[in-house]
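Enquirer: no sequence for this one, just the structure:
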């Protein structure tokens, strides 16, 4: 298994500002994912961030709005840019060794945009 | 497009009852299926992972089955306890998605009454 931490755990931000969320894993992992969970909804993948390559974004998500960094095999950041109230969600980091293995999730970052 | 559906959306049972949560998916070309538990305001905890070649997996009081051809999985919880109260999510990993992303259902919110 993998132990994943996220910072911050929660934040309240003003409209138009940006927030960077950090994800730290206790072991080296190849696959890292960022998900969003809007209030009362299930999880939606934002992007896949594999080390050594550019992040791959899902339909409806763009790099200018959600830039991602993956500098090494244990760390990644997701920035939510130019925030609006619609960005209020829980953002979750997830990791997996490969497609055959379990995927593990961090505790999430609860973002409220006012 | 893969769609994952979970029925029921919510379930309330008395303590000690055995129960079954259902998950269905529209595209049988999956690599594996994973069941998660999510406590309110928290991240996801992995419960069981079933590979496409497997029929079931067991962990303690939990048993998950997979019928890939019919697009169904069930999570059986034996002798339910109040501590089992949470939202249960199933997610599938597509066989042709090299990125390994998960497609999630909407979840079943379980409440076990003492």
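Expert: Right, received. Where do you want to start? The structure presented is a predicted model; accordingly, all values stated were derived computationally and were not measured.
Enquirer: quick one, strands of chain B?
Expert: B:4-7, B:10-14, B:19-25, B:30-38, B:44-51, B:56-59, B:62-67, B:72-77, B:86-94, B:102-104, B:108-113 (DSSP state E).
Enquirer: Mean neighbour count for the ones you listed - can I get that in CSV?
Expert: From N, CA and C alone the C-beta is placed, and that goes for glycine too. Output for the strands of chain B, formatted as CSV (neighbours: other CB atoms under 10 Å in any protein chain shown):
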stretch, mean neighbour count
strand B:4-7, 18
strand B:10-14, 12
strand B:19-25, 19
strand B:30-38, 23
strand B:44-51, 19
strand B:56-59, 14
strand B:62-67, 19
strand B:72-77, 20
strand B:86-94, 24
strand B:102-104, 24
strand B:108-113, 17
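Enquirer: Format these as CSV; extra columns: mean pLDDT and distance to chain A.
Expert: As requested, these are arranged in CSV below (pLDDT from 0 to 100; distance: least, CB to the nearest CB, whole Å):
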stretch, mean pLDDT, distance to chain A
strand B:4-7, 95, 8
strand B:10-14, 96, 12
strand B:19-25, 96, 12
strand B:30-38, 95, 5
strand B:44-51, 95, 4
strand B:56-59, 96, 11
strand B:62-67, 97, 13
strand B:72-77, 97, 15
strand B:86-94, 94, 6
strand B:102-104, 93, 5
strand B:108-113, 97, 10
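Enquirer: Please dump the ones you listed into JSON lines; it should also carry distance to residue A:98 for every row.
Expert: Compiled in JSON lines, those are given as follows (distance: least, CB to CB, whole Å):
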{"stretch": "strand B:4-7", "distance to residue A:98": "21"}
{"stretch": "strand B:10-14", "distance to residue A:98": "34"}
{"stretch": "strand B:19-25", "distance to residue A:98": "21"}
{"stretch": "strand B:30-38", "distance to residue A:98": "10"}
{"stretch": "strand B:44-51", "distance to residue A:98": "12"}
{"stretch": "strand B:56-59", "distance to residue A:98": "18"}
{"stretch": "strand B:62-67", "distance to residue A:98": "19"}
{"stretch": "strand B:72-77", "distance to residue A:98": "21"}
{"stretch": "strand B:86-94", "distance to residue A:98": "10"}
{"stretch": "strand B:102-104", "distance to residue A:98": "13"}
{"stretch": "strand B:108-113", "distance to residue A:98": "28"}
